[in-house]
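With the sequence up front, the predicted model follows.
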Amino acid sequence: MKIEWSFPKQIFLTLVISAVLGFYPLSTVASGDVIRAAIIGACLTTINVLLGYAAIEYSIDKSTTTFFKFVLGGMGIRLVLMAGLLIVLIKGFGVHVPALIGSIGIFYIVFLTLEVFYIQKKISTKHQN
């Protein structure tokens, strides 16, 4: 029997594992500003990947052109929004830059990998039906 994990569950599981693994090092070594920045980075990338998930779900059964507009175009829009939020957080709120960028970088890579595998799975399932 194969257990099927939905994409949002994979994201949530990733966040839980990251929190468990990162709790001790961050709580013993890092300042409150660093912890806050790491949490903000995790939240931003989680919202980003869930918006990507919504774009995939919306466009997967539509034409190829629509799919690419929503997924790739949406990715571009999400990146611009993330850049804007980074500027506001750093310049406007003085969020700890290395922790914020590091957190976003790590989660972005992990979530993007999960997103690519999810798209691949959805497309292969679509072609089998």
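Received it, and whenever you're ready, just let me know what you need. Residues are numbered from 1 along each chain as shown.

quick one: buried residues of the helix or strand hosting residue 49?
Using DSSP states H and E, residue 49 sits in helix 32-59. Neighbour counts using 16 or more other CB atoms under 10 Å place 34-42, 44-46, 48-49, 52-53, 55-56, 59 of helix 32-59 among the buried residues. C-beta coordinates here come from the backbone N, C-alpha and C atoms, glycine included.

Stretch 122-129 too?
Buried residues in stretch 122-129 (16+ other CB under 10 Å): residue 122.

which residues sit in contact with the residue lying closest to residue 69 once chain neighbours are set aside?
Spatially, and ignoring its direct neighbours in sequence, residue 69 is nearest to residue 59 (7.5 Å; CB to CB, 6 or more residues apart in numbering). By CB atoms under 8 Å, 6 or more residues apart in numbering, the contact set of residue 59 is 66-67, 69-71.

where's residue 59 relative to residue 125, distance?
15 Å (CB to CB, to the nearest Å).

okay, residue 60: pLDDT?
With respect to pLDDT, residue 60 scores 87.

Neighbours of it, how many?
16 (other CB atoms under 10 Å).

how much distance is there from the top helix by length along the chain to the middle of the chain?
The helix that spans the most residues within the chain, counting by DSSP state H, is helix 97-128. Here helix 97-128 is found 6 Å from its chain centre; the criterion is CA atoms, centre = their mean, to the nearest Å.

Just the buried ones from the contacts of residue 59, in ChimeraX syntax?
To isolate the buried ones among the contacts of residue 59 in ChimeraX, judged by 16+ other CB under 10 Å, type:
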select :67,70,71
